[in-house]
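Q: model this:
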Amino acid sequence: MPKPRKQLISAETTPYYHCVSRCVRRSFLCGSDGRGNNFEHRRQWIEDRLLALAETFAIDVCAYAIMSNHYHVVLHIDTSEADRWSDFEVVSRWHTLFKGNFFSQKYIRGQSLSNIEQALFDKILATWRERLHDISWFLRLLNEPIARQANFEDQCTGRFWEGRFKSQALLDEKALAACMVYVDLNPIRAKMAKTPETSEHTSIKIRIEKAKTAHAPNHSQQQTPLLLPFAGYPRQDMPKGLPFRLSDYLELVDWSGRILRENKRGAITATLPPILNRLNIDPKHWLYNCQHFESRFKGLVGSSYALKQACQKLGYQRTPGASSCHLLS
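A: Prediction:
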């Protein structure tokens with residue numbers, strides 16, 4: 001039986017999640033269907049909306065790839081950022097998404113609220129603050145406007161997306177790195193691009209373009225502000241960001257992409273990216289994960305130890321996907 005969404009996404013278990021949304025019937029509603037119909041411009045709609053929402057929510061975009069009939073995104077929930085927001089900032093952010101209500105409009109104009117109004121407004125404010133770091137709300141506000149815009153363009157009604165999104169919890173560094181590379185190499189596997197830097201509508205292209213112009217690409221301030229920066233290897237007083245160095249990650253993506261492009265599934269080059277050694281990942285397992293991450297792993301992804309810890313926190317009676325996650329141990 002499928003798990004309820006609240007049991008699949010829990011910031012207390014892990015802040016990192018891989019989410020996928022697909023078009024109905026997996027039709028080419030965001031690309032070219034080969035019959036003269038071209039909807040490539042809709043991929044830009046999705047990319048623009050995704051990055052705009054990341055500026056409003058306390059949710060960071062780690063990686064994404066907008067494909068012809070689906071998209072992948074790796075998200076990071078920043079609960080502490082939402083907790084630091086003032087009441088005014090929460091209302092201002094919510095008003096960029098919705099009109100708000102009588103109380104919030106009154107509050108934003110600087111008008112005083114009665115005791116009863118203030119009590120009701122405080123409850124509403126707590127709900128909005130929680131929603132602004134909720135992945136379900138984030139993807140709902142990504143998918144719904146795109147569906148309406150596409151239906152208006154097609155002069156039709158009905159579903160654009162295949163129900164709700166699919167999600168995978170990324171429990172540790174190994175799972176996070178494998179999933180991000182899997183997402184960034186999606187256009188390579190689909191033969192939509194030959195190199196990561198030519199992969200349109202992907203996070204890896206943005207990161208590479210920014211790195212080319214930066215004097216110190218590994219410095220977080222030299223990285224793109226649209227994406228969660230790379231903060232380097234875990235250490236004391238580590239700033240907010242991904243637990244890798246950008247240069248190591250780009251090398252890892254390039255190395256993995258070359259193997260995929262050469263169609264040598266079992267061939268391992270003599271020189272391996274140092275990040276694989278640091279994470280203690282077997283190269284053959286790594287390449288397999290880069291090609292089959294979504295189908296190989298289900299709701300929870302991580303090492304055997306991380307998987308057991310997560311299942312205990314979530315109150316699971318059994319440990320799903322233990323055999324697959326053994327590859328990341």
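Q: does the residue most central in space within the chain count as helix, strand or coil?
A: Closest to where the C-alpha atoms of the chain average out (Cα atoms, centre = their mean) is residue 74, at 1.9 Å. Following DSSP: H, G, I helix; E, B strand; the rest coil, the label given to residue 74 is strand.
Q: can you pull out the strands in the protein?
A: For the chain, strands defined by DSSP state E occupy the ranges 16-22, 59-66, 70-77, 166-170, 300-301.
Q: Reformat the ones you listed as JSON lines; add distance to residue 277.
A: In this view, the C-beta of every residue, glycine as well, is placed from N, C-alpha and C. Putting the strands of the chain into JSON lines (distance: least, Cβ to Cβ, whole Å) gives the following:
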{"stretch": "strand 16-22", "distance to residue 277": "22"}
{"stretch": "strand 59-66", "distance to residue 277": "22"}
{"stretch": "strand 70-77", "distance to residue 277": "23"}
{"stretch": "strand 166-170", "distance to residue 277": "20"}
{"stretch": "strand 300-301", "distance to residue 277": "21"}
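Q: Please identify the deepest-packed of those.
A: strand 300-301 (a mean of 29; mean count of other Cβ atoms under 10 Å).
Q: How far does that strand sit from its chain's centre?
A: 14 Å (Cα atoms, centre = their mean, to the nearest Å).
Q: Parallel or antiparallel, which strands does that strand pair with?
A: Strand partners for strand 300-301, identified by DSSP bridges, are recorded as strand 166-170 (parallel).
Q: residues contacting the residue nearest to the centre of the chain?
A: 16-19, 61-64, 170, 176, 179-180, 183 (Cβ atoms under 8 Å, 6 or more residues apart in numbering).
Q: And it, how far from residue 180?
A: 6 Å (Cβ to Cβ, to the nearest Å).
Q: So for the two, which residues contact both of them?
A: 62-63.
Q: Name the spans of the stretch 101-250 of the chain whose pLDDT lies under the cut-off.
A: 220-222 (pLDDT under 70).
Q: quick one: the helices in it?
A: 102-108, 115-131, 135-154, 173-184, 186-189, 203-213, 246-261 (DSSP state H, counting those that start in this stretch).
Q: most packed of those?
A: Taking mean count of other Cβ under 10 Å, helix 173-184 is the most buried of the helices of the stretch 101-250 of the chain, at a mean of 25.
Q: picking that back up, looking at the helices of the stretch 101-250 of the chain, which is closest to residue 235?
A: helix 173-184 (13.2 Å; Cβ to Cβ).
Q: ok, what's across the strand from the residue nearest to residue 249 when sequence neighbours are not counted?
A: Of all residues not flanking residue 249 in the chain, residue 230 sits nearest, at 6.2 Å (Cβ to Cβ, 6 or more residues apart in numbering). With DSSP bridges as the criterion, residue 230 is bridged to residue 242.
Q: ok, how many other residues are close to residue 230?
A: 23 (other Cβ atoms under 10 Å).
Q: so it sits right up against residue 238, yeah?
A: No: using Cβ atoms under 8 Å, residue 230 is not in contact with residue 238, being 11.3 Å away.
Q: Can you tell me how far the residue nearest to residue 130 when sequence neighbours are not counted is from residue 59?
A: Distances taken as Cβ to Cβ, 6+ apart place residue 82 nearest to residue 130, at 7.8 Å, with adjacent residues excluded. Separation of residue 82 from residue 59 (Cβ to Cβ): 9 Å.
Q: joint contacts of these two?
A: residue 133.
Q: Now do residue 266, the pLDDT please.
A: Note on residue 266: pLDDT of 43.
Q: wait, I meant residue 1
A: pLDDT at residue 1 comes out at 46.
Q: OK, contacts around the residue nearest to residue 232 when sequence neighbours are not counted?
A: Computed as Cβ to Cβ, 6+ apart, the closest residue to residue 232 that is not its neighbour in sequence is residue 245, at 5.2 Å. Applying Cβ under 8 Å, 6+ apart to residue 245 gives the contacts 218, 230, 232-233, 275.
Q: From those residues, list the buried ones, please.
A: 218, 230, 232, 275 (16 or more other Cβ atoms under 10 Å).
Q: quick one: which of these is nearest residue 302?
A: residue 275 (16.9 Å).
Q: and the gap between the closest residue to that closest one other than its chain neighbours and residue 123?
A: Among residues not flanking residue 275 along the chain, residue 248 sits closest, at 4.4 Å (Cβ to Cβ, 6+ apart). With distances taken as Cβ to Cβ, residue 248 is found 46 Å from residue 123.
Q: and what of residue 162?
A: 35 Å.
Q: swap in residue 206?
A: 39 Å.
Q: now do residue 171
A: Residue 171 is 33 Å from residue 123, by Cβ to Cβ.
Q: give the contact list for residue 177.
A: Here residue 177 is in contact with 244, 249, 252, 275, 279, 281 (criterion: Cβ under 8 Å, 6+ apart).
Q: Check residue 26 too.
A: 69-70, 162.
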